[in-house]
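> just a sequence and a predicted model for now, questions to come.
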Amino acid sequence: MRIDFTPDPQLYPFVSRWFDSSRGRIHYIDEGDGPPILLCHGNPTWSFLYRDIVVALRDRFRCIAPDYLGFGLSERPVGFSYKIDEHARVVGELVDHLSLNGYLTMGQDWGGPIGMAVAVERADRVRGVILGNTWFWPADTWTTKAFSRVMSSPPMQHAILRRNFFVERLIPAGTERRPSAAVMAHYRAVQPNAAARLGVAEMPKQILAARQLLARLAHEVPAKLGAKPALLVWGMKDFAFRPGPTLPRMRETFPDHVLVELPTAKHFIQEDAPEAIAAAIVERFG
């Protein structure tokens, strides 16, 4: 299944590019020149989430932002599992296809585990790590486990698939100010029906189902990436990745880190504080 949608060039002023991975055709943008930076989105978003950051950075960095299979403008292949290790495998194929070396990896929400799974396999090619409102270890709080179980239940799966619950409810709840009608239209347009939302519906299940991968990352990220220079950009009003339980582990994992607190930002930090994030990336890695 392909998504028939052309983004507004005023909001998304990028050239769409395509890569035929082993599992299906993925959409990505590759903008600017300079040190490469891989921008990994979470759920239920796509490369559109990074639009303002890419515009701010592309005169200094080469910004690559893929849409995972089942997200954004990428295909929804028949038989694809939408599991996190599968997403990481496909993004890794793109990284190899583009011959990225000395690259920065940025992840928010599920972009953290996916980006880290790609990076630990290519640690010698990773220049630095940027993480915001994310994690890379097995669910260890009752709220996270409860979220996974509730969102995996038949009533909530129905709401996600049939009523686009993640876009309609969680994006407004996870932003400091409700995104404009035009921005919300871009999140809706790439998930037009239940068949297009299978990837979105699978990700909350993966919080518990991907425990084996997350346990491996909990060991391998500190071992293989812990010495890399890191930037932590954190929305301090996030309901999902609250700074108190999460930031100490991040700071311990990356001793050579800079922490930039985004005091009013909620979960979708790229919507709430793109200028501050871009400035922090330039300050740390420019």
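Noted; the coordinates are in hand. Quantities reported herein were computed from a predicted structural model and do not represent experimental measurements.
> follow the chain on from the longest helix along the chain and name the next helix or strand.
Across the chain, the helix with the greatest residue count (assigned by DSSP state H) is helix 84-97. Following helix 84-97 in sequence order, the next helix or strand is strand 103-109 (DSSP states H and E).
> what's the helix or strand following that next one packed up against?
Downstream of strand 103-109, the next assigned helix or strand under DSSP H and E is helix 111-120. Here helix 111-120 touches strand 36-40, helix 84-97, strand 103-109, strand 126-134, helix 211-220, going by 3 or more C-beta pairs under 8 Å, 6 or more residues apart in numbering; DSSP states H and E. Every C-beta, even on glycine, is put in place using the N, C-alpha and C of the backbone.
> could you dump these to a markdown table with mean neighbour count?
Converted to a markdown table, these look like this (neighbours: other C-beta atoms under 10 Å):
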| stretch | mean neighbour count |
| --- | --- |
| strand 36-40 | 27 |
| helix 84-97 | 20 |
| strand 103-109 | 27 |
| strand 126-134 | 25 |
| helix 211-220 | 17 |
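> residue 242 is nearest to which of the ones you listed?
strand 126-134 (9.4 Å; C-beta to C-beta).
> now that closest one, how far from the centre of its chain.
11 Å (C-alpha atoms, centre = their mean, to the nearest Å).
> ok, now stretch 40-49?
That offset, for stretch 40-49, works out to 5 Å (C-alpha atoms, centre = their mean).
> measure it end to end?
10 Å (C-alpha to C-alpha, to the nearest Å).
> pLDDT at residue 70, what is it?
Looking at residue 70, its pLDDT stands at 98.
> again but with residue 146, I slipped
97.
> what of residue 231?
So, for residue 231, pLDDT stands at 99.
> can you tell me the element it falls in?
strand 230-235.
> what strands line up against that strand, and which way round?
Applying DSSP bridges, strand 230-235 is found paired with strand 126-134 (parallel), strand 257-262 (parallel).
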